[in-house]
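Asker: how does the following fold in three dimensions:
(one chain, ligands or ions: 1)
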Amino acid sequence: MTWWQEAVFYQIYPRSFLDTDGDGVGDLEGVRRKIGYLVDLGIDAIWMSPIFPSPMADFSYDVSNYCDVDATFGTLESFDRLVDECHAAGIRVILDWVPNHSSSQHPWFMESRSATTSEKRDWYVWRDVNPSGTLPNNWLRSWSDEPAWTLDAPTNQYYLHCFLPEQPDLNWANVEVRQAMANTLRFWLDRGVDGFRMDVIHLIGKDPQLANDPEEIRGIGHVPLNDRIETHGYLREIRSVLGEYDDVVSVGEVYLLDPEAVADYYGSGDELHLSFNFASLLTPWRAEAWRALIERTESSHNRVGAWPTWVLSNHDNQRVATRLKGDRARIRAAAVLLLCLRGTPFLYAGEELALRDAHIEEHQVVDPGKRDGCRAPLPWESSGLHGWPAVPWLPFSAEPEIYSVQAQELDDESMLYFVRLLLRTRRSSEALRRGTLDALSAVNDVLSFERSRGDERVGVLVNFSREHRSIVAPAAQHELSTVRATVERVEGSVVLEPGESLIRFF
Ligand code: GLC
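Answerer: Numbering: from 1, shown residues only. Prediction:
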């Protein structure tokens, strides 16, 4: 087993974590000051969304320099200090690498755009205006029904951008691009990072013919459709760059919504170390739907010897507490799934507080993809500006006084207490961290499965229904419930409260 198979990752969206310099935007020093909080929480590694210099059209996912820190977040020195202190506290650090596109303000693109004869012209994807005046193909960019192409008047050619026009796609078919991007990995690995989350990594290989997307699914952006053989060759190259360093991890944002497709991006142990599996974000809260997802994830990943990942929330999607409409028992049961299923869990900052999305008025929207709600700032304190030195860049979500860290640290029935307990439980259980997953079933809207390793056997039950459910089950030595402090023992069966989840140690 490697560290990244057993680790619990915690995603930090740095703009929204904690501001320390009073500009209303979170920074690296804010993360550094909360290392103690992260240690108490019990996570093993942090993934920070991008911190690179950027015009911020997509908040640092439009990178204008891959080898520096944007002044909003700090400096290379503050970065080094953060990494050193995280390491001293036993926390690994991974960065968010954005290989598919740069900013249109990146010197590479400015050079590429300057002339059709530029030596960097081929670093991006340029196409002639064809005689009939139509676009190079029918691909649509994300977040709108606009084309993925923009005409650049001075040279009268179109360039490709699967996201904003400010995010031109790099041409990975060009070996110089691949070498330059490999050097950006080395830059951060030399500074001691433990790996990377790789942004929309399934997009880097493109169909050389740039064929149209199928007519029958018109209206869908190109991003979730791009699943190309070319990407796998590039991933093997990336893996060998990572192999120049000890013990580093890659986790790919493979934005394909089927676990089968996702599993292919692990190659034969020579592509990604881990890949996100986003089907969980779309799975309805029903035992049978989760059983089917778990089974499909297990079988597809086992087929290629891949280690799964689990995720409930991130900076692009509605938070799990919002999806589950603030239902306390269900939110806790979801955390049990995240931390007890077989695979590496990714916890999004604020999930440990059951934080919900903020309500964002139209005039407050700043994100081109309208994902502002799930990026609301973390409320650290119960009152005032909730621990922020200035009004933050986005509004807090509702009832920050209840959802703040300060309030929840004082309440032993809070979500924060519960998540800390779950993380401790996971840490002390080899079966939960590394064990097999068997006996998966869904009966009467109750999901159950077992995790085992050696002599240790742990059973997990989740009552997805809003009613009591009685389950035939052997007695356990001790049990952890999401809704009650002590669980009554009834010989031969377990009665679950509405929405309850139980972790049972045999
Ligand atoms: C990924 C990121 C998202 C970003 C997009 C373009 O999906 O998670 O936040 O906007 O890529 O880089």
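Asker: who in the chain is up against the ligand?
Answerer: Residues of the chain that fall close to the ligand, judged by Cβ under 6 Å from any ligand atom: 58, 61, 98, 163, 199-200, 253, 315-316, 369. Placement of C-beta: from N, CA and C, glycine included.
Asker: quick one: which of those has the most company?
Answerer: Neighbour counts for these, by other Cβ atoms under 10 Å, peak at residue 98, which reaches 29 neighbours.
Asker: I figured it hits residue 201, correct?
Answerer: No: the pair residue 98 / residue 201 is not scored as a contact, 9.8 Å apart, by Cβ atoms under 8 Å.
Asker: show me the residues of the chain next to the ligand that map onto strands.
Answerer: Using DSSP state E to define strands, no part of the residues of the chain next to the ligand is located there.
Asker: which one of those residues is nearest to the ligand?
Answerer: residue 61 (3.4 Å; Cβ to the nearest ligand atom).
Asker: contacts only, for that closest one.
Answerer: Residue 61 makes contact with 49-50, 54, 96, 98, 163, 167, 199, according to Cβ atoms under 8 Å, 6 or more residues apart in numbering.
Asker: so can I have TSV of the residues you listed showing distance to residue 236 and pLDDT?
Answerer: Listed next are the contacts of residue 61 as TSV, based on distance: Cβ to Cβ, whole Å; pLDDT from 0 to 100:
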residue	distance to residue 236	pLDDT
49	26	98
50	24	98
54	29	98
96	21	98
98	20	98
163	25	98
167	25	98
199	19	98
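Asker: TSV for these, including distance to residue 245?
Answerer: Compiled in TSV, those are given as follows (distance: Cβ to Cβ, whole Å):
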residue	distance to residue 245
49	22
50	20
54	26
96	18
98	20
163	29
167	28
199	20
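Asker: from those residues, which is closest to residue 496?
Answerer: Residue 496 lies nearest to residue 49 out of the contacts of residue 61, by Cβ to Cβ, at 37.4 Å.
Asker: distance check, that closest one against residue 379.
Answerer: 19 Å (Cβ to Cβ, to the nearest Å).
Asker: so between the two, which is more surrounded?
Answerer: residue 379 (27 against 24).
Asker: compute the first-to-last residue distance for stretch 278-290.
Answerer: Using Cα to Cα, to the nearest Å, the end-to-end distance of stretch 278-290 comes to 13 Å.
Asker: buried sites along it?
Answerer: Residues of stretch 278-290 classed as buried: 278-281, 285, 287, 289-290 (neighbour count, 16 or more other Cβ atoms under 10 Å).
Asker: okay, which residue is most central for the chain?
Answerer: residue 314 (5.2 Å; Cα atoms, centre = their mean).
Asker: next one: it relative to residue 422, how far apart?
Answerer: 19 Å.
Asker: of all the contacts of residue 61, which comes closest to residue 214?
Answerer: Once Cβ to Cβ is applied, the member of the contacts of residue 61 that ends up nearest residue 214 is residue 163, at 20.9 Å.
Asker: just checking, the closest one touches residue 141?
Answerer: Yes: counting by Cβ under 8 Å, residue 163 does reach residue 141; the two are 6.0 Å apart.
Asker: quick check: domain ranges of this structure?
Answerer: Here the domain parsing of the chain from automatic domain parsing is 3-99+174-427, 107-160, 435-505.
Asker: and these, which is most packed in?
Answerer: domain 3-99+174-427 (a mean of 19; mean count of other Cβ atoms under 10 Å).
Asker: so what's the gap between that domain and the chain middle?
Answerer: Centroid displacement of domain 3-99+174-427 relative to its chain, using Cα atoms, centre = their mean, to the nearest Å, is 3 Å.
Asker: start and end of that domain, how far apart?
Answerer: 12 Å.
Asker: now do stretch 488-506
Answerer: Per Cα to Cα, stretch 488-506 runs 15 Å from first to last residue.
Asker: return the distance of it from the chain's centre.
Answerer: 32 Å.
Asker: and what of stretch 428-443?
Answerer: 23 Å.
Asker: average pLDDT for that stretch?
Answerer: Per-residue pLDDT over stretch 428-443 has a mean of 98.
Asker: contact partners of that stretch?
Answerer: By Cβ under 8 Å, 6+ apart, stretch 428-443 touches 1, 5-6, 287-288, 290-291, 294-295, 298, 339-342, 425-427, 447-454, 456-459, 471, 505.
Asker: among those, which are in helices?
Answerer: 5-6, 287-288, 290-291, 294-295, 298, 339-340, 425-427 (DSSP state H).
Asker: which residue ranges form the strands in the stretch 201-350 of the chain?
Answerer: 249-252, 274-275, 309-311, 344-348 (DSSP state E, counting those that start in this stretch).
Asker: could you export those as CSV, including mean pLDDT?
Answerer: Formatted as CSV, the strands of the stretch 201-350 of the chain follow (pLDDT from 0 to 100):
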stretch, mean pLDDT
strand 249-252, 98
strand 274-275, 98
strand 309-311, 98
strand 344-348, 98
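Asker: need these in CSV (columns: distance to residue 28).
Answerer: As requested, these are exported to CSV (distance: least, Cβ to Cβ, whole Å):
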stretch, distance to residue 28
strand 249-252, 21
strand 274-275, 24
strand 309-311, 24
strand 344-348, 19
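Asker: could you redo the buried residues of stretch 278-290 as a markdown table and give each row pLDDT?
Answerer: Formatted as a markdown table, those follow (pLDDT from 0 to 100):
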| residue | pLDDT |
| --- | --- |
| 278 | 97 |
| 279 | 97 |
| 280 | 97 |
| 281 | 97 |
| 285 | 98 |
| 287 | 98 |
| 289 | 98 |
| 290 | 98 |
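Asker: and the two most separated of those?
Answerer: The largest separation in those, counting by Cβ to Cβ, is between 278 and 287 at 20.2 Å.
Asker: OK, contacts around residue 80?
Answerer: Per Cβ under 8 Å, 6+ apart, neighbours of residue 80: 191-192.
Asker: that one should be in a helix, yeah?
Answerer: Yes: counting by DSSP: H, G, I helix; E, B strand; the rest coil, residue 80 is located in a helix.
Asker: and residue 265, how far from the ligand?
Answerer: 15 Å (Cβ to the nearest ligand atom, to the nearest Å).
Asker: what sits against the residue in the chain sticking out farthest from the centre?
Answerer: Ranked by distance from the centre of the chain (Cα atoms, centre = their mean), the top residue is residue 131, with 42.9 Å. Contacts for residue 131 (Cβ under 8 Å, 6+ apart) come out as none.
Asker: what does the model give it for pLDDT?
Answerer: So, for residue 131, pLDDT stands at 82.
Asker: same question, residue 489
Answerer: 67.
Asker: can you check the one 4 residues further on too?
Answerer: The model reports residue 493 with a pLDDT of 87.
Asker: is it in contact with residue 469, as I believe?
Answerer: No: counting by Cβ under 8 Å, residue 493 stays clear of residue 469, with 10.3 Å between them.
Asker: give me the element residue 180 is part of.
Answerer: helix 175-190 (DSSP states H and E).
Asker: for that helix, C-alpha coordinates in PDB please.
Answerer: Extracted in PDB, the C-alpha atoms of helix 175-190 (Å, rounded to 0.1, in the frame of the first residue of the first chain):
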ATOM      1  CA  VAL A 175       6.500  17.700 -28.200                       C
ATOM      2  CA  GLU A 176       7.800  21.000 -27.100                       C
ATOM      3  CA  VAL A 177       4.600  21.700 -25.300                       C
ATOM      4  CA  ARG A 178       4.900  18.300 -23.500                       C
ATOM      5  CA  GLN A 179       8.500  19.100 -22.500                       C
ATOM      6  CA  ALA A 180       7.600  22.600 -21.300                       C
ATOM      7  CA  MET A 181       4.700  21.200 -19.200                       C
ATOM      8  CA  ALA A 182       6.900  18.400 -17.800                       C
ATOM      9  CA  ASN A 183       9.300  21.100 -16.600                       C
ATOM     10  CA  THR A 184       6.500  22.800 -14.800                       C
ATOM     11  CA  LEU A 185       5.900  19.600 -12.900                       C
ATOM     12  CA  ARG A 186       9.600  19.300 -12.100                       C
ATOM     13  CA  PHE A 187       9.600  22.900 -10.800                       C
ATOM     14  CA  TRP A 188       7.100  22.200  -8.100                       C
ATOM     15  CA  LEU A 189       8.400  18.700  -7.300                       C
ATOM     16  CA  ASP A 190      11.900  20.200  -6.800                       C
END
